[in-house]
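S.K.: Okay, predicted coordinates and the sequence, questions at the end:
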Amino acid sequence: MENVQFNNMIIANFLICPRQFDLKKGQSNEVAKFREDEGNCNFKGKMKDLKNHLDKSCNLSPIKQSIPYEIINQLNAMNGQIKELQNVVKDLQLQLKDKDNEKDKQIEQINKQINDLKVESLKKDKTITALTNNIQQYQIQFDEFKKKFETKVENQTINIQQLQLQPQIDTQIEQEQKNEQKEKEKHKDCESMLSFIQSPNLENGVDFLLVTANNHTINLKNNEWDNYKFGIFLLGKNITLIPNCYELGYLKIKTSHLWIKHPSSKIDCSKLGYPANQGPGMGEDEGGGGYGTKGGGNDRQSGEMYGEETLLKQIHFGSGGGGIFLNEGGSGGGIIELIIEQQLINHGSIQANGEDGRSSGGSGGSILIELQCQSHLNELKQTFGTITCIGGSGVYNKGGDGRIAIYGIELSSDDILKINPKPFNRLCK
């Protein structure tokens, strides 16, 4: 048993003093007591240091040889094995070192190869970059050449087309010049047109209307178009154009020119609207007739507004004023519709006023004027002069105003100085 324990300590390669071991395990109580009196040995060390310890530094005196020769032989054998193991370890360490050195060389060689590859890759990258730049330069040069070539081809194509189309272009230019000349000839002012209509091929009252005598009243068709292709010229004094009717007069004129020369001449549809106490805006009792504005009088009496300002959707006669017993109201104004293709010169008046009444006035009627001459070639001046459709006066209340709309020209502030009421104005219908 003791040998087994001792062997285990030897195998562990870490020994205690044999004398200390004997003191604890194999001696009589007397010897143990004696040894305790002598003290203890605290040695713990390797086999190679044991002999030196026993000979020189152990404080326990030997009693007898406690280590058998068999154990010593085993220890010596084990010591030899340990040395062999140490040699094996050294050999293994040398082998590992050689392998590490070889591995380091391999790593160094691999790193060198990697660096060589990097250098080669950089060279290839530079080569690729240079080639790319060359390709881009060639592409730029090619694009420039292509553009120049296409431009040259396009110019040649255009030249060929121009040569082919030149006769047609010349003909077209010549035709446009002729058309422009014809258009200019169309845009005659009133005086030029007056000279033109002296031709024996044109008939007064059919192709044109020319009145030079004074104090004349001309009756035109009511609610039908009167067409005078070569103009209307009222050159005498106190000339009046009226529709041929007694009430609900609607004068419709289409002409190239309209010239009213003297202030005493006029186109007149006054008093030709709804009679007294009639119409959508008739006055009640003594109230004025209404249309574009309310008639005069209190809320119960005054005629109401109706219709719309453009006169395109609806165009109305003026309404009659209210009357009581023998004091009749005035009639409303009639309707005038003018289409003028070239020039309007109005030094007289165009009117569709309400009638004055013994009780209250009728409302003004409607005047619609369309100028069809405002092309870039037409520089003829338009003179609007006096245009009115105001309500009639009355003993008690005045009639409301009618409505005026003018198309085909943008009116200036000077144009509307003598237009009453203020017209609705727009360039196009």
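M.R.: Good, I have the coordinates. Predicted model only: the values in this text are computed from it and were never measured.

S.K.: Which stretches in the stretch 1-150 of the chain count as strands?
M.R.: Ranges of strands in the stretch 1-150 of the chain, per DSSP state E, counting those that start in this stretch, are 15-16, 44-45.

S.K.: Of the ones you listed, which is nearest Leu131?
M.R.: strand 44-45 (78.1 Å; CB to CB). C-beta coordinates here come from the backbone N, C-alpha and C atoms, glycine included.

S.K.: ok so, going back, I'd like to know which of the strands of the stretch 1-150 of the chain lies nearest to Ile82.
M.R.: For the strands of the stretch 1-150 of the chain, proximity to Ile82 was assessed by CB to CB; strand 15-16 is nearest, at 13.0 Å.

S.K.: so what strands line up beside the closest one?
M.R.: When sheet partners are counted by DSSP bridges, strand 15-16 sits next to strand 44-45 (antiparallel).

S.K.: So what's the gap between the partner strand and the chain middle?
M.R.: Strand 44-45 has its C-alpha centroid displaced from the chain centroid by 98 Å (CA atoms, centre = their mean, to the nearest Å).

S.K.: ok, now stretch 197-209?
M.R.: That offset, for stretch 197-209, works out to 59 Å (CA atoms, centre = their mean).

S.K.: start to end distance for it?
M.R.: End-to-end distance for stretch 197-209: 10 Å, by CA to CA, to the nearest Å.

S.K.: what's the answer for stretch 339-359, then?
M.R.: One end of stretch 339-359 sits 36 Å from the other (CA to CA).

S.K.: In it, which residues are buried?
M.R.: 339-346, 348-359 (16 or more other CB atoms under 10 Å).

S.K.: Which of the residues you listed fall within strands?
M.R.: If you go by DSSP state E, the buried residues of stretch 339-359 have Ile339, Ile340, Glu341, Gln342, Gln343, Leu344, Ile345, Asn346, Ser349, Ile350, Gln351 in strands.

S.K.: would a markdown table of the strands of the stretch 1-150 of the chain with distance to Phe325, mean pLDDT and mean neighbour count be doable?
M.R.: Converted to a markdown table, those look like this (distance: least, CB to CB, whole Å; pLDDT from 0 to 100; neighbours: other CB atoms under 10 Å):
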| stretch | distance to Phe325 | mean pLDDT | mean neighbour count |
| --- | --- | --- | --- |
| strand 15-16 | 161 | 80 | 18 |
| strand 44-45 | 157 | 82 | 14 |
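
S.K.: Which of those sits closest to Gln161?
M.R.: When the strands of the stretch 1-150 of the chain are compared by CB to CB, strand 44-45 sits nearest Gln161, at 118.4 Å.

S.K.: List of residues touching that closest one?
M.R.: With contacts defined as CB atoms under 8 Å, 6 or more residues apart in numbering, strand 44-45 is touched by Phe14, Leu15, Ile16, His53.

S.K.: and of those, the nearest to Asn40?
M.R.: Nearest to Asn40 among these: Ile16, at 10.4 Å, using CB to CB.

S.K.: shouldn't the closest one be in contact with Phe43?
M.R.: Yes. The criterion here is CB atoms under 8 Å, and Ile16 meets it with Phe43 at 6.4 Å.

S.K.: where do the contact lists of these two overlap?
M.R.: With the criterion set as CB under 8 Å, 6+ apart, the contacts of Ile16 and Phe43 do not overlap.

S.K.: tell me the domain ranges of the chain?
M.R.: Under automatic domain parsing, the residue ranges defining each domain of the chain are 2-67, 189-429.

S.K.: Mean pLDDT lowest where, among those domains?
M.R.: For the domains of the chain, the weakest mean pLDDT is recorded on domain 2-67, namely a mean of 65.

S.K.: picking up where we left off before, distance to Tyr138 for the domains of the chain - can I get that in JSON lines?
M.R.: Below are those laid out as JSON lines (distance: least, CB to CB, whole Å):
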{"stretch": "domain 2-67", "distance to Tyr138": "83"}
{"stretch": "domain 189-429", "distance to Tyr138": "55"}
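
S.K.: what's the most buried one of those domains?
M.R.: Across the domains of the chain, averaging neighbours per residue (mean count of other CB atoms under 10 Å) puts domain 189-429 on top, at a mean of 21.

S.K.: List the residues that contact Glu308.
M.R.: By CB under 8 Å, 6+ apart, the contact set of Glu308 is Gln314.

S.K.: pretty sure it belongs to a helix, no?
M.R.: No. Assessed with DSSP: H, G, I helix; E, B strand; the rest coil, Glu308 is coil; it does not lie in a helix.

S.K.: how about it, phi and psi?
M.R.: Torsion angles at Glu308 (phi, psi; degrees, to the nearest 10) stand at phi -140, psi 150.

S.K.: now do Tyr228
M.R.: The phi/psi pair for Tyr228 (degrees, to the nearest 10) is phi -130, psi 100.

S.K.: Can you name the helix or strand that the closest residue in space to it that isn't next to it in sequence falls in?
M.R.: Excluding the flanking residues, the one nearest Tyr228 by CB to CB, 6 or more residues apart in numbering is Thr255, at 4.2 Å. In this structure, Thr255 sits in strand 250-260 according to DSSP states H and E.

S.K.: what pairs with that strand, and is each one parallel or antiparallel?
M.R.: Strand 250-260 is paired, per DSSP bridges, with strand 225-228 (parallel), strand 232-234 (parallel), strand 335-346 (parallel).

S.K.: Tell me the gap between the shortest one and the middle of its chain.
M.R.: What it means is strand 232-234. The chain centre lies 54 Å from the centre of strand 232-234; the measure is CA atoms, centre = their mean.

S.K.: Packing partners of the helix or strand just after that strand?
M.R.: Counting by DSSP H and E, the element after strand 232-234 in chain order, helix or strand, is strand 239-243. Counting contacts by 3 or more CB pairs under 8 Å, 6 or more residues apart in numbering; DSSP states H and E, strand 239-243 packs against strand 216-220, strand 250-260, strand 266-268.

S.K.: got the strands paired with strand 250-260 as CSV, with distance to Ile390 columns?
M.R.: Formatted as CSV, the strands paired with strand 250-260 follow (distance: least, CB to CB, whole Å):
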stretch, distance to Ile390
strand 225-228, 25
strand 232-234, 22
strand 335-346, 14
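
S.K.: of all these, which lies closest to Asp268?
M.R.: Of the strands paired with strand 250-260, nearest to Asp268 by CB to CB is strand 335-346, at 8.4 Å.

S.K.: what angle sits between the closest one and strand 239-243?
M.R.: For strand 335-346 against strand 239-243, the angle by axes from the mean of the first three to the mean of the last three CA atoms, to 10 degrees is 160 degrees.
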